[in-house]
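Visitor: just need the structure, nothing else, for what follows:
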Amino acid sequence: MNARADTFVKDEAEKILRHPGISPSEAAEMLYRKLIEDGDATITI
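Guide: So this is what the prediction gives:
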């Protein structure tokens, strides 16, 4: 999978992921698995 993100968004997200030791690839897989589990892409904020 190749993905592009705004540089600011990418950098800020990677700072957050770094603390628990999650790589961007692991985060992407977590997102994909959650999409499959939920069966939709609705994000509640």
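Visitor: so which elements touch the helix or strand of the chain with the lowest mean pLDDT?
Guide: Scoring the helices and strands of the chain by mean pLDDT, DSSP states H and E places helix 24-38 at the bottom, with a mean of 94. Helix 24-38 is packed against helix 7-18, with contacts defined by 3 or more CB pairs under 8 Å, 6 or more residues apart in numbering; DSSP states H and E. From N, CA and C alone the C-beta is placed, and that goes for glycine too.
Visitor: tell me the mean pLDDT for the helix it packs on?
Guide: For helix 7-18, mean pLDDT rounds to 96.
Visitor: what's stretch 33-40 in contact with?
Guide: Contact with stretch 33-40 is made by Ala41, as judged by CB atoms under 8 Å, 6 or more residues apart in numbering.
Visitor: start at 19 instead
Guide: Taking 19 as the first residue, the last one we looked at is stretch 51-58.
Visitor: for it, C-alpha coordinates in PDB please.
Guide: Only the C-alpha atoms of stretch 51-58 are listed here, as PDB (Å, rounded to 0.1, in the frame of the first residue of the first chain):
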ATOM      1  CA  ARG A  51      -8.700  -4.000  10.600                       C
ATOM      2  CA  LYS A  52     -11.000  -1.600  12.400                       C
ATOM      3  CA  LEU A  53     -12.700  -0.800   9.100                       C
ATOM      4  CA  ILE A  54     -13.300  -4.500   8.500                       C
ATOM      5  CA  GLU A  55     -14.600  -5.000  12.100                       C
ATOM      6  CA  ASP A  56     -17.000  -2.100  12.000                       C
ATOM      7  CA  GLY A  57     -18.100  -2.700   8.400                       C
ATOM      8  CA  ASP A  58     -18.000   1.000   7.500                       C
END
